[in-house]
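A.B. asks: Sequence first, predicted model second:
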Protein chains: 2
Amino acid sequence: MSLIVQKYGGTSVADVDRIRNVARRVATTYDQGNDVVVILSAMAGVTDGLITLARQATQQPDKRELDALLATGEQTTSALLAMTLISMNYPAQSLLGFQAEVLTDCVYGNARIVDIRTERIGELLANRNIIVIAGFQGCDPNGNITTLGRGGSDTSAVAIAAALKADSCEIYTDVDGIYTADPNICSKARKIDVISYDEMLNMASLGAKVLQIRSVGFAKKFNVPVHVRSSFSEEEGTMVVAENNGMESLVVSAVTHDKNQARITLKKVPDQPGVAAKIFTPLAEAGIVVDMIIQNTRVQGQTDLTFTVPQAEFAQALKIQERVAAEIGAEDVFGDQNIAKVSVIGVGMKNHSGVASTMFTNLARENINIMLISTSEIRISCVIEEKYTELAVRVLHTAFGLDRT
Amino acid sequence: MSLIVQKYGGTSVADVDRIRNVARRVATTYDQGNDVVVILSAMAGVTDGLITLARQATQQPDKRELDALLATGEQTTSALLAMTLISMNYPAQSLLGFQAEVLTDCVYGNARIVDIRTERIGELLANRNIIVIAGFQGCDPNGNITTLGRGGSDTSAVAIAAALKADSCEIYTDVDGIYTADPNICSKARKIDVISYDEMLNMASLGAKVLQIRSVGFAKKFNVPVHVRSSFSEEEGTMVVAENNGMESLVVSAVTHDKNQARITLKKVPDQPGVAAKIFTPLAEAGIVVDMIIQNTRVQGQTDLTFTVPQAEFAQALKIQERVAAEIGAEDVFGDQNIAKVSVIGVGMKNHSGVASTMFTNLARENINIMLISTSEIRISCVIEEKYTELAVRVLHTAFGLDRT
């Protein structure tokens, strides 16, 4: 008998029929003799609908109140799943964040899980109950409702699996696993059977939308094996696990791309202490996340500085930098939204030289100009013109031997 | 400075515009220097929609899970009102049932308030916060979400007003007060300025849908003056208060009717100890509320027994009684759904004879046959053929001097 945590995403609980489908899956797992804890998202589209409703009330909804509003989405699906299971004669009970004692800090809208007290869950499991927990939500020390940010139900699932020392954590979604590249633009993409936490962390931040990045960090920290799979088929998906030797057969595991990027360049920035802070502090204060930062070699006490931001915040970031440029005496500020980031990822590249060289050579062969480069231990990313995105992904996918045969 | 509890019903918070209207009313009360606690219902139609959703999942939803589902309705409106007030620069905070510590028993779907711990509310009020509490919901000693039954937000409001020793409890709805009769069928009906708890208790149970009956009982028990008024106008509504001398000027305060009635008669029931229990216990077990019960004089050890039930439960009740009749040896069982109950209500009738006589005489003059009669200290009810309902109400309204001049 195992303890299995299953998380179902918004498309898997999009209506009553799909909730019934989820109930059948849960029941099957239970009938096999397992203890089951289910974590649910809101119905697909519901969270966005609630945000729209809040925005109708006020352009800038108070964050505490917005969290109380958004939490209703998961409350709805978890009650519906529990009553469906009960109608099928399974002993089930739904728990909200505060009832499951998912304790968080007080950062509304993006709270972090501090502790999960498992006594109540443990008692219910001991009596062979199926527990259905509303994902995405927790409560702070004062009993205020908090939410964990976009995709937070993944984090709920992994954190609860870690707290319960579950044997496995299954993330059910509408795709059947993690792919070596986006199948929509690379027809030869293959499903990955096993991937490491670190590779997944790099995938997530680069645009693979299957798992919330914070949940992967949690899984890594507590060594929770995560099985990403489809709720619409019986096939095995992708296991996200700690790095092991078997993974090193491939140098590169996946090619990802991200078109949601924009570039801002400051020309001839005086290269003095404190200038970088003057450039990036106002962006941080505006809540704008800067991704890549590249600073050219200093020439005559001046340097060019380029960075990327999400496209949605491009206009705001550019405006801020125009002010900054005047202040610090930079010569010019310009931006570009027609860019994309293409990355190759793989724990194998730690022990292999020549990955960067292969990447650059193959892009050059197609006359794709590289604007920016950044690297980590297991990732190389290039910013290129947006129009070459699909071509670049396909070329690299072939070059690193990932094509399906 | 007063402490004012305001409750807004479903039509008053039916959309974001109306919630904004509520926010303005609340703000005005606050600006006058008052402390304000607001209790909200769900948006009109939302609770019914959630019940429909639950029924799609399963015909008989588990009551605990249904309560968790239904509670989202009031959670939504209270978060929306609080964020609207905050956007208007008022310090507001929403509280759910468990946060406001509205403690109830464990009877899901129809829970009773056991206690309201007011420390948190008191602290927030001391800091001049406007508190928005989700009505209709509470939590049991184990932290499970409970709901208080149809119209339960009225009870939330009165109970919270009682616990806080509020100076007044205003119930905002889509009508401008309590009327001497339903204005839809009696054009001469007048708004009542002041009515006693006891009269209101009789009104509510007889079909006046303005206030949940349990809330009136609560108001009476804790002597909370309740002001029923419209959220769409500035006019004073109806005060529901303890009985006082000024009320006795009118013998009858109102004429009410209820078409949602059905009658079941058992013919020739053996008149033995224990028979009544055999008839009514199975109804109670099926959760069917019996209203009037009339037993004729015994003739040759047998008696006829008639009672009324809500129309929705007529078929079920009739089925149960067919079984009971066979068991106890009654001669026949029959029922009738084309009936209505018409009542006259007034604390004044305690000290006046002849009210019944006036009622019967006036109905007889219109050839309206009376099938059943029941009386209380301040009420006389007659069951008549349904088709005469409107005529009966108008005739009695005129006969007891209630017509608007």
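C.D. replies: Nice, I can see it. Keep in mind it's a predicted model, so treat the numbers as computed, not measured. Numbering: from 1, shown residues only, chains lettered A, B, ... in the order given.
A.B. asks: Up against chain B, what does the stretch 51-200 of chain A have?
C.D. replies: Within the stretch 51-200 of chain A, the positions lying close to chain B (C-beta under 8 Å from any C-beta of the partner chain) are A:53-54, A:56-62, A:64-66, A:68-69, A:71-72, A:75-76, A:78-80, A:82-84, A:86-87, A:93-94, A:96, A:98-99, A:143-145. Glycine gets a C-beta too; all of them are placed from N, C-alpha and C.
A.B. asks: Quick one, grab the pLDDT at the closest residue to A:Leu95 other than its chain neighbours.
C.D. replies: Leaving aside its sequence neighbours, A:Leu95 sits nearest to A:Ile133 (C-beta to C-beta, 6 or more residues apart in numbering or on different chains; 5.0 Å). The score at A:Ile133 is 98. That number is its pLDDT.
A.B. asks: doesn't A:Leu40 make contact with A:Ile133?
C.D. replies: Yes: at 7.4 Å, A:Ile133 counts as touching A:Leu40 under the criterion of C-beta atoms under 8 Å.
A.B. asks: joint contacts of those two?
C.D. replies: Any residue near both A:Ile133 and A:Leu40 by C-beta atoms under 8 Å, 6 or more residues apart in numbering or on different chains counts here, and that gives A:Ser78.
A.B. asks: Please say which of these two ends up with more neighbours.
C.D. replies: The neighbour comparison of A:Ile133 against A:Leu40 (other C-beta atoms under 10 Å in any protein chain shown) goes to A:Leu40, with 34 against 27.
A.B. asks: Sticking with the nearest residue to that one once chain neighbours are set aside, tell me its helix or strand.
C.D. replies: Closest residue to A:Leu40 apart from its sequence neighbours, by C-beta to C-beta, 6+ apart: A:Thr77 at 4.5 Å. In this assignment (DSSP states H and E), A:Thr77 forms part of helix A:63-87.
A.B. asks: what's the next secondary structure element after that helix?
C.D. replies: strand A:92-95.
A.B. asks: what residues does that next one touch?
C.D. replies: With C-beta under 8 Å, 6+ apart, strand A:92-95 has contacts from A:78-79, A:81-82, A:85-86, A:120-121, A:124, A:129-134, B:64-65, B:68.
A.B. asks: cutoff 7 Å now
C.D. replies: Defining contact as C-beta atoms under 7 Å, 6 or more residues apart in numbering or on different chains, one finds that strand A:92-95 is touched by A:78-79, A:82, A:85-86, A:124, A:129-134, B:65, B:68.
A.B. asks: do the same with stretch A:134-148
C.D. replies: A:7, A:39-41, A:64, A:67-68, A:70-71, A:74-75, A:78, A:94, A:96-98, A:102-106, A:108-109, A:111, A:113, A:152-153, A:155-157, B:99.
A.B. asks: just the buried members of those?
C.D. replies: A:7, A:39-41, A:64, A:67-68, A:70-71, A:74-75, A:78, A:94, A:96-98, A:102-104, A:108-109, A:111, A:113, A:152-153, A:155-157, B:99 (16 or more other C-beta atoms under 10 Å in any protein chain shown).
A.B. asks: show me what contacts A:Ser366?
C.D. replies: Wrong residue type there; residue A:366 is Glu, not Ser. Residues in contact with A:Glu366 (C-beta under 7 Å, 6+ apart) are A:391, A:395.
A.B. asks: From chain B, how far out is it?
C.D. replies: To chain B, A:Glu366 is 51 Å away according to C-beta to the nearest C-beta, to the nearest Å.
A.B. asks: Name the residues of stretch A:47-54 that come out as buried.
C.D. replies: Within stretch A:47-54, the residues that count as buried by 16+ other C-beta under 10 Å are A:47, A:50, A:53-54.
A.B. asks: Show me these that map onto helices.
C.D. replies: A:47, A:50, A:53-54 (DSSP state H).
A.B. asks: and of the residues you listed, the nearest to B:Arg229?
C.D. replies: Distance ranking of these against B:Arg229, using C-beta to C-beta, places A:Leu53 first at 27.3 Å.
A.B. asks: circling back to that earlier point, list just the nearest of the contacts of strand A:92-95 to B:Lys267.
C.D. replies: Taking C-beta to C-beta as the measure, B:Lys267 lies nearest A:Ile86 of the contacts of strand A:92-95, at 42.1 Å.
A.B. asks: How about the contacts made by the closest residue to that closest one other than its chain neighbours?
C.D. replies: Nearest non-adjacent residue to A:Ile86, counting by C-beta to C-beta, 6+ apart: B:Asp62, 4.3 Å away. Residues in contact with B:Asp62 (C-beta under 7 Å, 6+ apart) are A:82-83, A:86.
A.B. asks: Next: A:Ile279.
C.D. replies: A:266, A:305, A:324.
A.B. asks: any idea which element it lies in?
C.D. replies: Under the assignment here (DSSP H and E), A:Ile279 is part of helix A:275-285.
A.B. asks: next helix or strand past that helix?
C.D. replies: Helix A:275-285 is succeeded, C-terminally, by strand A:293-295 (DSSP H and E).
A.B. asks: Can you name the residues in contact with that following strand?
C.D. replies: So strand A:293-295 is in contact with A:303, A:305-307, A:372, going by C-beta under 7 Å, 6+ apart.
A.B. asks: So which of the residues you listed is the closest to chain B?
C.D. replies: Distance to chain B across those (C-beta to the nearest C-beta) is lowest for A:Phe307, with 33.6 Å.
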